[in-house]
Every structure is written in structure tokens, then in C-alpha cells.
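*Asks:* Next input, structure requested:
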Amino acid sequence: MRINFKHFLSLLFALFVQITVAQEITVTGVVTDQAGIPIPGANVLVKGTKSTTQTDFSGAFAIKAAAGDVLVVSFVGMTTVEAKASSKVLVKLKDASNLLESVVVVGYGTQSKKKSTDAIARVTAKDIQQIPVSNIQNALVGKLAGVQITQTNGKVEGGVSVRVRGAASISAGKEPLYVLDGIPLITTNESNNGAPTNPLLTLSTNEIESIDVLKDASSAAIYGARGANGVVIITTKKGKEGKGTFSINLSQGVSEATHKRKWLNAAQYVELFTEASINGTGDASEAESYFDAYAADTDWRTLENDTDWQDLAFRNGYTTDADFSLSGGDTKTRYFFSGAYNSTSGIIVNNDLERITARTNISHKLTDRFTAGMNLSFSRSQINRVQDDNSFTTPLQMVAQSPLAPARLKDGSPNQNTEYVNYVQAADNSFYKTLVRRVIGKVYGEFKILPYLKANSDFSYDLMSQTEDAWYGKNFPNMATDGEVFASSVNNETFITSNYLTFDKTFAENHNVNIVAGMEFNKFNRRYQDVTSIYFPNDSFTTIDGGAEVNAGSGSETDYTFVSQFGRLSYSYANKYLFKASIRRDGSSRFGANNKFGTFPAVSAGWVVSEENFLKDNSVISYLKFKGSWGKLGNAELGNFASRQFYGPNSYNLKSGLTFTQAGNPNLTWEKSSQIDFGTEVGFLNKINLEVDYYKKNTDGLLFSVPLSLSSGATSINKNIGEIESKGIEFVLNTKNIDNQNFKWSTSFNLTTNNTKVLSLPNDNKDLVGTFTINRVGENVSSFYLKEYAGVDPANGDALFYLNTLNPDGSIDRTKTNDYAAAQRVIAGNPFPTLMAGLTNTINYKGLDFTFTFQGEWGASIYNSAGIFQSVSGDYLDNQTIDQLNRWRNPGDITNVPQARLYGGNGTGHSTRFLDQADFVRLRNLTIGYTLPSSVVKDLGMSSVRFYGTGVNLLTFTNYSGYDPEARRDDTGIGEEFYSAPPARTIALGVNINF
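*Replies:* Numbering: from 1, shown residues only. Model prediction:
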């Protein structure tokens, strides 16, 4: 039989096409969580192709695929799963919040929590989103073990103090290093009005994916000379493969002070000061002469006026937040765009913030080996500000005014017959505006040399540009120059280039090796200028060019550099024996000529006992790991020129010259911190995770200014002398209390202890004594050092103090005396808490979600240095706190408030009378939300709609008698309050819409 060869080929081709077509199938499936609840909006991608789809509202999907293809299924907050294509597929996603499966960000890479030997605290976007605060640090309070976060006071731009595992220095910088997408951020406070601003105010929470705090030396050593105070790594959001998503969030809130103090009203003021005048001067005429002056055009005898000055200082604040984000991508390109607007009217009058932020994150895979990308953000923050707490022209100092004095006269003009400057007059005739513009960007490339070896090259830039404009009109209090205008401009910028290699390979199935090695160059530059102008024709001119005379000006330019090499080796055997070693060598222009470079090593090890055969299948202990680490870190925040010899300009008889101003020290170097950490992580029943860490860090080579002999030509020299020790225990408990289809309840609890002691000091361990504090060997850093108040003598109403002098036998004389000068100062308290805790509960029931966080601090004290004016039973004419009505009046009275004596100085000296315990528990945040059923929103083309209400600082439980246990004075001092505004209590309502 003869076969036509052409017909045979045609038949063969047809058969091949038929087989090929038959292999392409329509895959249908459902995506659910572990409880079987459908997940709408999950991305389903055919791996290696651009074919993608999303699940519908019932979690179902359909997609074309060939037999043998692999489907990649992902959803925000869930672990990504790969499944083989078949006619029907059921995919169950796990909650990525499983701590052991989560990935933490470390320097120049990432690491799984399960294999980590470090002490790292982490929060993700869902932990901080939609909390109505103006800065990202406040969104973290109570959520991170070992991290204390305190906003200085209730001003919208107020500085924020972040301490990681206690204080690591006395005189050098104490704040952690902030790293945004690999960029060490500028965190310089550039305020000129005495009150600090928060440099991170320029960031918005809507762009943040996660925040990882590196707490121990093993994790932070990769940052070397800048890691001693901890490292905060902020990672912004990025696009993911799959269908694009669009999200909008809108919220509106109202704020008020967490607490207001009670002051004397007009009747009480007249009563107390009349009595004080009689006791102190012999009759009431002295007080009445002041009453006449204060009352101005009103009659104090009929109590015609009763001004609540505190009410004039505070107001109801408002917050408006609006943000959007757009993200998505395919196998080659991923993108994320976001924008946010925030408007905050603070709880203090004339204190406002308006901020806009925008971000673009793009990455593109040019080839199978090379990926390039760019992260770029811009922000503009405009702040209306008030003066620092120690200024008479700051709102809260109005509480010192007499309630007999009207704020305004009957004609509406400000009353100028007040005891102190009338802030109302100052506010009518001045403004202080700060404008901060910031650009942060990075371009990067990643080249995969081999499947297990890649090279990264990054170029980063951070520019923080700030201007300040202050105007004081003709009628500003005590104005002598027909008006004054001050204007300043400062640019801070830093350039960073980073180049590093990453090797990651598994040998013989069980041996995994990860190596990172590279180098980095960092250059910082700061340029500052200011100018002052006076004599203005009228108050319509509010800029420098309107003045007749420029009477002052200054300018400066400074810079510094860091050049670094770093490396890290991580090794694991069978995922149960873990080892890591890292090293960084830093050189900086900040250090002395003889100590330009420093080396910072660290090692850590871990044993995952639950991977051993004897425990691997245990039904109770699902995970058990022991870990330990040691390392050395540095603190380079010494200032740019602490090691240099200085000569400053001077002049005489119109001739210029130079004057010796600072002795140089070529041996000056960074403060060094040696740290150890031992910890364990235990999981029970796959529902309970417990972490316990013990840490100790010793910082030596503390920077101090040491006195010199007069013959040297200088008064002091900077030296590395002194040592402190900080140690404590951290405890973290995470539980899944209930986890079923309709109801989920999880809890996170953290507790931290910390004690920071002084081990040695300069000048043969001589005490370093401040106004209210002392640093003494063996005691807490910056302990309160005050004369000890002993109450009131019941016989005569005198204030009493303990002598606390040394007896011949070495004991302490606890005799009471009314002679303030005879009493000796003693260590009386600690400005830092020794115990901190946070508790977060998250509950989901069908479409409802409910989350709340409590925080607590114990062991700290606050010294109210304004107490010598406001709580001294009428010693001077300042209005008094309401408790001063409990003063001693008759022999035999038992009270803690001395007799009222105008000008008598009865108990008015600085003492423990004004020291108070600052223990508190606070309902830091509460959020309740409701997500509409998918059946309601699907016809509108939306994937979800959630309405929510949220609050911050809702309840505070404390015995502290001042404004707030977290409020501190913002111009100086440690643990000190001085007319310091409390934080805001905010309640907001909002809606989140996803497409």
C-alpha cells in the first residue's frame, strides 16, 4: 500500500494541534482561608506568564492554563501559595501574621523569623494604619517590647523621644538610627524657637509596609558606628504581581486635651491671696493693690470678672486625613503610587499642621537577570507654631495669670495690666511658621550573576529643606523697634552609595549559607542662614524686606562623611542549628585624627530544638528555639567637630582676628557599646507564641567635657571617659484565643524591664550635678537630686525638710528642719520607667472588627519645676493649683500644704514637694470597624468597603497630679514638666474603599 507522505505530515500536524489544544484547560477553583471562608480579590497568576485573574466575591476564579502549569495565588496579609493547574483547584491561604512564618527586614536583606537569632521587634501596616496621629512614632506606642516612645508634649509638631532598651548615653545622641528603604534618614532638629520639631513628621503611615526595630548588637552591628541606640528600619509598600488595586481612605476627627488641671477661680484667688498678704505682710493692702491693677476696667470686689486662662490656652482640635494608593504589576513590572493629605488643628491655640505626601515605587525586570527600580517620595509640611514651654508668650503660661484679670478689655483690646505678658496680646500681633519640604529617593539595580549570587547597587538621596518665618508686630508685648521679622533657611542633604553582593545557596539539602558583603559611602551637608529685620512702617509688612534696618544675621555650612565596609554570614543546618556573624568597619570625619576608623563585630547562634527528632512531632510544643548573641556597636552622634581645635572670629576697634575657643582632641572617638542577649522562643499548639529575652549593654568611652587648667587657654576638652550599663528582660506573648470561621480573637502582650546605672565617670568618678539631677556611680542615669520635703509643722504651718546630713557614725540624720538651706539634696527618683507593658487585642466577628491597645509605664518620676510658682500657697501672685486651698490655717492642722505667706518663701525651694510618680496605664488606641457584605458592594465595582471609628489616648489611669504623665518640657531638662501641654485625646470616623 502506497502512503502519501504529504498527507501523513498533515495528519501528524493535526494530531499534534489537537493534543496541544486538549492540554490547555480552563482551571476553576476557590480560594479560602484556613477556616474555609472565601477570599474575594485574591490574585491568581499562571507562573511564568502574564495570564492573571482575581477571585470574585465568593472566592471563585477561572483561568486558562496548560496541564502542568503552576498557579501562584496571593492576597495581602496572607502567605503566597503555589498550586498545580488542574480542572478544579481548592487553595487555602494561611494568615501571614503567623510570627514564625513572617519575614523581618534586617540591614541589606531579609530573614525569616523562624531562623532569626536576633532581637527584632516588628509591626506591619495593619498595626498602624488609620490611627489618627500626625507622626509614625506615635502609632507604634505599646506595640514594641523594649521600645519606649514618648512625644514631648501635645504640640502637633512636638519632638518624639524613642529609647531602645534604655539609655545608651549621657551626653551624646540617644535616638535610634532611622533607615527608610535602605536610606539612613536625616533626623536633625532644626527648630529656632526653643521647642524641638519631629524630623519624621514628613512621613505618612499610608506608605509604610512594615517597621522593624533592631534591638540587639547581632542585628544592629551591620550599621556599626551608628547602631548603639538601636536601628529602626522602615519599609515602604511595593506593588505585587496581579490585578491592579486602588484604595481610598477618608477620616475626620476631633481632639481635646487628655487632662486639664484645676486652678483657683476669682473668689478662691481673692480668699487665698488676701490671707497670704495678711500672713506675709501684716495686712491685706498689698494683695488688694494687685487686685486693683489686674481687674483693669472691672470691679474685683464684686467678682465681675473670672477669667479661665486655661480655657483660653486650649481648644478643640480637628484632624482630617485623606489618602489613596494604587498598586499592581505583572511578571516584569511592579508599581505602587500613593498620596496623603493631613490637616491637624492642635489642642493648643495657634498650633496647626498641614501636610501633603506623595510616593512612587517602581521596579522593572529588564531581563531574567537584571532588575532596576526607583523609590521616590516628596512631602510638604507647614506648621503654625507657638513658643517653647519656658517662654512667657506660650499659651499654657497663661495659667499663671490672675483670674481677676480679663484677657481683653471692654473695648476688645488685650489687657496689658496682667502680671506677666498677656499671650492674647502676643497672639494678636505675631506668627511663627515653619515649612518643611522633603525629598527622599533611591535608584537601584540588582543583577543575578548566578542563581545563588546577586549584586546590588543603590544610590540614595535625602533632602530636608526648612524655612522659618516669625513676625512680631508693633503692638507685640515689650516691642521697642516698631516690629521685628526673623527668617531662616536650612538645607540638610545626604548622598549614599551602597554596593553589595548576596550569596544564598543550600548545599546537600541541609546546609544553607547566606553571605552579604559590600561597601557604602555617606556624605552629609548642611547649609544654614538667618536674618532679622526691624523698624516697620506698619503691621501689613511681615517679611524681611519691609524693615528699615537689617540688624542681625548669621550663616554656616558644615558636612561630614562616613565610608564603610560590611559583611554578614548566616548559616543554618537542617533549619535547626543557626549561626550568624557580622562585621562593619566605619570611618568618619567626625572622629579624632588618631581614631578615624572603628570595627564593630557581632556573633549569634541559635538552636531550634523543635526540629530535633525527639520533639519534631510533639503535639503540645510546636516550636522551641534558644538563641544568644554578643556584639559591639558605636554611637557617632558626637557632633561634627567635637574632636577639632576651634578658633572663632573676633574683633576689636574694627579690626578682625581669631580667638581660641575649643581645645582639640585627636584621640576622640565614638562611644562604644558592648551588648549581650540571651533568649528563647516557644510555641504551643500552634496558637501560643512566647518570647523571653535577657539583655545587657555596657557603653564606655562616654563623651564628656573635662575641665582644663587656665594656663591651657581653654576651659575644657572633650574626652571619652565614663561607662553606663543598661539591662533588663523582655517578655512577649502572642496568642490566637479563638480561630474559627466566624469569630477570631488574638492577643499580643509585651512587658519590658530596664535599669540603667552609671558605672564610672570622669574626674575620678566625681558626681555630675545638674539643676535637678545627678549622675553618680552606682545610681540610675540622670537621677533626680533634690532636697527632701517633710511636710508641714502642725504647730506653726512652716514647711519642713529632712536634714539628710551625715552623722559622725556614718548614718543619715533624718531630723526635720524648717531651714531650707540646712537640708541636703538626696537621690529621690528616676526619670525613666523601669517597667513598661503593652496589650493589644484584635477581634473579628463576621464583618465586624475590633482592636484596642493598652500601654503602661511604672517606676518613673516627673519633676514639675513650675511648682515653685503655681503650687506654693500664694507665695507670689501667680494663680495656684486648687490643692493649695488645703493650706495650714490653725495650730494642729494636719496638711501637706504650708501656711499661705505672700513673699514668705514658705516651702518654695526646689524639693521633692514638686516630684511626683508618673506611673500610668492608658487606653492608647481603640478601633471598631464594619466591612459591608460583598453582595452589597459588588455591583458598584468595589472589592470592599469598611466604615470605622478609632480613638487615641481615650482613657488614662494615673495618680500623677500634673497635666499628663507623658508630658515633658520641650526646651530642656530630663523628666521635667514646665507648663507642658498634655497629649491629645482624638476620636475619628472614617471609611476605607478598595477597588
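
*Asks:* ok, now how distant is the residue nearest the centre of the chain from residue 746?
*Replies:* The residue lying closest to the centre of the chain (C-alpha atoms, centre = their mean) is residue 137, at 3.0 Å. Using C-beta to C-beta, to the nearest Å, we find residue 137 at a distance of 24 Å from residue 746. Heads up, the C-betas are built off the backbone N, CA and C, glycines and all.

*Asks:* surely the residue nearest to the centre of the chain meets residue 200?
*Replies:* Yes. Using C-beta atoms under 8 Å, residue 137 is in contact with residue 200, at 6.5 Å.

*Asks:* any shared contact partners between the two?
*Replies:* residue 160 (C-beta atoms under 8 Å, 6 or more residues apart in numbering).

*Asks:* Where does pLDDT dip in the stretch 1-150 of the chain?
*Replies:* Along the stretch 1-150 of the chain, the parts satisfying pLDDT under 70 run over 1-23, 34-37, 40-41, 57-58, 76-77, 95-101.

*Asks:* Poorly predicted segments of the stretch 701-850 of the chain, please.
*Replies:* Ranges of the stretch 701-850 of the chain meeting pLDDT under 70: none found.

*Asks:* Tell me where it has helices.
*Replies:* Assigned helices in the stretch 701-850 of the chain, in chain order: 762-765 (criterion: DSSP state H, counting those that start in this stretch).

*Asks:* Leaving out the residues flanking it, which one is nearest to residue 358?
*Replies:* residue 339 (4.7 Å; C-beta to C-beta, 6 or more residues apart in numbering).

*Asks:* brain fart, residue 346
*Replies:* Using C-beta to C-beta, 6+ apart, the nearest residue to residue 346 is residue 156, at 4.2 Å.

*Asks:* Tell me which residues touch the one you found, please.
*Replies:* For residue 156, the contact set (C-beta under 8 Å, 6+ apart) comprises 134, 344, 346, 351, 352, 353, 383.

*Asks:* now do residue 465
*Replies:* 436, 437, 438, 489, 490, 491, 492.

*Asks:* make it 6 Å
*Replies:* Residues near residue 465 by C-beta atoms under 6 Å, 6 or more residues apart in numbering: 437, 491.

*Asks:* for the helix or strand where it lies, which positions count as buried?
*Replies:* Secondary structure assigned from DSSP states H and E places residue 465 in strand 453-472. Under the neighbour-count criterion of 16 or more other C-beta atoms under 10 Å, strand 453-472 has 454, 456, 458, 460, 462-472 buried.

*Asks:* avg pLDDT for it?
*Replies:* The predicted model assigns strand 453-472 a mean pLDDT of 97.

*Asks:* ok, and the closest non-adjacent residue to residue 689?
*Replies:* residue 734 is the one closest to residue 689 (C-beta to C-beta, 6+ apart), at 4.5 Å.

*Asks:* partner residues bridging the one you found?
*Replies:* Assessed by DSSP bridges, residue 734 has beta-bridge partners residue 689, residue 748.

*Asks:* ok, it touching residue 748?
*Replies:* Yes. Counting by C-beta atoms under 6 Å, residue 734 touches residue 748, with 5.0 Å between them.

*Asks:* which residues touch residue 177?
*Replies:* 223, 226, 231.

*Asks:* Tell me the spacing between the residue nearest to the last one when sequence neighbours are not counted and residue 720.
*Replies:* In space, and not counting its chain neighbours, residue 231 is closest to residue 214: 4.1 Å by C-beta to C-beta, 6+ apart. As defined by C-beta to C-beta, residue 214 lies at a distance of 24 Å from residue 720.

*Asks:* Of these two, which one has the most company?
*Replies:* Neighbour totals were compared for residue 214 and residue 720, and residue 214 leads with 28 against 22 (other C-beta atoms under 10 Å).

*Asks:* what about residue 254, how many residues close to it?
*Replies:* Each residue near residue 254 was counted by other C-beta under 10 Å, and the total is 16.

*Asks:* To clarify, my last question referred to residue 449.
*Replies:* Other residues close to residue 449 by other C-beta under 10 Å number 12.

*Asks:* Relative to residue 534, how far out is it?
*Replies:* Residue 449 is 65 Å from residue 534, where distance means C-beta to C-beta.

*Asks:* next one: residue 288
*Replies:* Noted for residue 288: a distance of 40 Å to residue 534, by C-beta to C-beta.

*Asks:* Could you list the paired strands of the strand holding residue 465 along with their orientation?
*Replies:* strand 430-450 (antiparallel), strand 484-507 (antiparallel).

*Asks:* now those strands as TSV including mean pLDDT and distance to residue 905?
*Replies:* Output for the strands paired with strand 453-472, formatted as TSV (pLDDT from 0 to 100; distance: least, C-beta to C-beta, whole Å):
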stretch	mean pLDDT	distance to residue 905
strand 430-450	97	35
strand 484-507	96	37
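
*Asks:* quick revisit: report the contact partners of the residue nearest to residue 231.
*Replies:* Contacts of residue 214 (C-beta under 6 Å, 6+ apart): 120, 220, 231.

*Asks:* For the residue nearest to the centre of the chain, which non-adjacent residue is spatially closest?
*Replies:* Ranked by C-beta to C-beta, 6+ apart and with sequence neighbours excluded, the top spatial neighbour of residue 137 is residue 160, at 4.5 Å.

*Asks:* residues contacting the one you found?
*Replies:* By C-beta under 6 Å, 6+ apart, the contact set of residue 160 is 137, 151, 198.

*Asks:* And for residue 589?
*Replies:* 560, 561.

*Asks:* go with 10 Å
*Replies:* By C-beta atoms under 10 Å, 6 or more residues apart in numbering, the contact list for residue 589 reads 523, 524, 559, 560, 561, 562, 563, 596, 640, 641, 643, 644.

*Asks:* And the helices in the chain?
*Replies:* All helices of the chain, identified by DSSP state H, fall at 5-23, 125-128, 217-220, 266-281, 285-295, 309-313, 423-428, 762-765, 867-870, 934-937.

*Asks:* Output the ones you listed as TSV; include the columns distance to residue 476 and mean neighbour count.
*Replies:* Below are these laid out as TSV (distance: least, C-beta to C-beta, whole Å; neighbours: other C-beta atoms under 10 Å):
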stretch	distance to residue 476	mean neighbour count
helix 5-23	84	10
helix 125-128	41	19
helix 217-220	48	31
helix 266-281	28	20
helix 285-295	21	18
helix 309-313	18	19
helix 423-428	6	21
helix 762-765	45	12
helix 867-870	24	20
helix 934-937	56	15
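
*Asks:* Out of those helices, which gets nearest to residue 371?
*Replies:* helix 125-128 (23.4 Å; C-beta to C-beta).
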